[in-house]
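>>> Mind folding the following:
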Amino acid sequence: MKRSTVNQTIEIAKEVFAAVGLNLPSFASWTVMDWESKGSECDEIRHSMLGWDVTDFGQGNFDQLGRTLLTLRNGSPKFGSGKDYAEKLILDPEHQKPPLHFHRSKMEDIINRGGGNILIRLFQSNDQGQCSDENFTIQVDGQTREHKAGEQLRLEPGQSLCIPPGLIHQFWGEQGTGIPIKGKRYTVSGEVSRVCDDWNDNCWLAPCERFCKIEEDEPAQHHLVHEYPPAQ
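I've put the predicted structure just below:
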């Protein structure tokens, strides 16, 4: 994945988040140069991996399989804050989705924060960690629904879905909905969850890299969450 793509998608995310009325914390605007003067007072940001997170999961096809996220808060045993929760904002372009996956421990609510609709594809996982063809129940805005394996669920702005551990999922912005920027439309989803451990808690149905290699075709404007320098 190219650094120029990382830089561009972060700027688009800032614009889309602002368009739906979301104000971002100060660290979302800190540049690589700003980080040169940051000391141990920012250790929670470093150890809890708060900030920008852009990946193509090592697939080399960011427009189809990719993610741009901003982690706002998260617990971390390295920092010892005692926080047992996390929150993220996620940029959802039309069609762009993560690979199918589930979490071992994390329970999360996916919330449509605005812009357009979100489509979510869901399966229960079987003993081999693959998609089961069994139907199951889900919770949408606190209401129990029957759901068919592989069926798409639509979340309109303001709606939310609870995803428990073991539920396979992927989601994306519905075509024709969302905020138009440079020929694409964007929706914003929020994630409120238990502590997020992206190194160990993700189970992918096919091989992928959560934090992908970056081709440095231009200077980085912002550090990604796994790139922070140590305290000065």
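
>>> what does the lengthiest strand in the chain contact?
For the chain, the strand with the greatest residue count under DSSP state E is strand 184-193. For strand 184-193, the external contacting residues (C-beta atoms under 8 Å, 6 or more residues apart in numbering) are 12, 16-17, 20, 22, 69, 85-94, 106-118, 155, 171, 173-179. For the C-beta atoms, the positions are set from N, CA and C on the backbone; glycine is no exception.

>>> quick one: contacts for Trp35?
Contacts of Trp35 (C-beta under 8 Å, 6+ apart): 223, 228-229.

>>> Low-confidence ranges, the chain, go.
232 (pLDDT under 70).

>>> which residues in the protein form strands?
Taking DSSP E as the criterion, the chain carries its strands at 51-55, 67-74, 86-93, 101-103, 108-114, 118-124, 136-140, 143-147, 152-155, 160-163, 167-173, 179-181, 184-193, 202-204.

>>> ok, back up a step: which among the contacts of Trp35 gets closest to Gly39?
Comparing these against Gly39 with C-beta to C-beta places Pro229 closest, at 10.9 Å.

>>> burial measure for the closest one, as a count.
11 (other C-beta atoms under 10 Å).

>>> what's the answer for Ile111, then?
Count around Ile111 with other C-beta under 10 Å applied: 22.

>>> I'd say it and Ile163 touch.
No - between Ile111 and Ile163 there is no contact under C-beta atoms under 8 Å: 11.2 Å.

>>> for this protein, what's the longest helix?
Counting residues, the longest helix in the chain under DSSP state H turns out to be helix 3-19.

>>> Who are the packing partners of it?
Helix 3-19 is packed against strand 51-55, strand 67-74, strand 86-93, strand 179-181, strand 184-193, with contacts defined by 3 or more C-beta pairs under 8 Å, 6 or more residues apart in numbering; DSSP states H and E.

>>> again, 6 Å this time
Applying 3 or more C-beta pairs under 6 Å, 6 or more residues apart in numbering; DSSP states H and E, we find helix 3-19 packed against strand 51-55, strand 179-181.

>>> would JSON lines of the ones you listed with distance to Glu218 and mean neighbour count be doable?
Below are the helices and strands packed on helix 3-19 laid out as JSON lines (distance: least, C-beta to C-beta, whole Å; neighbours: other C-beta atoms under 10 Å):
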{"stretch": "strand 51-55", "distance to Glu218": "14", "mean neighbour count": "23"}
{"stretch": "strand 179-181", "distance to Glu218": "20", "mean neighbour count": "15"}
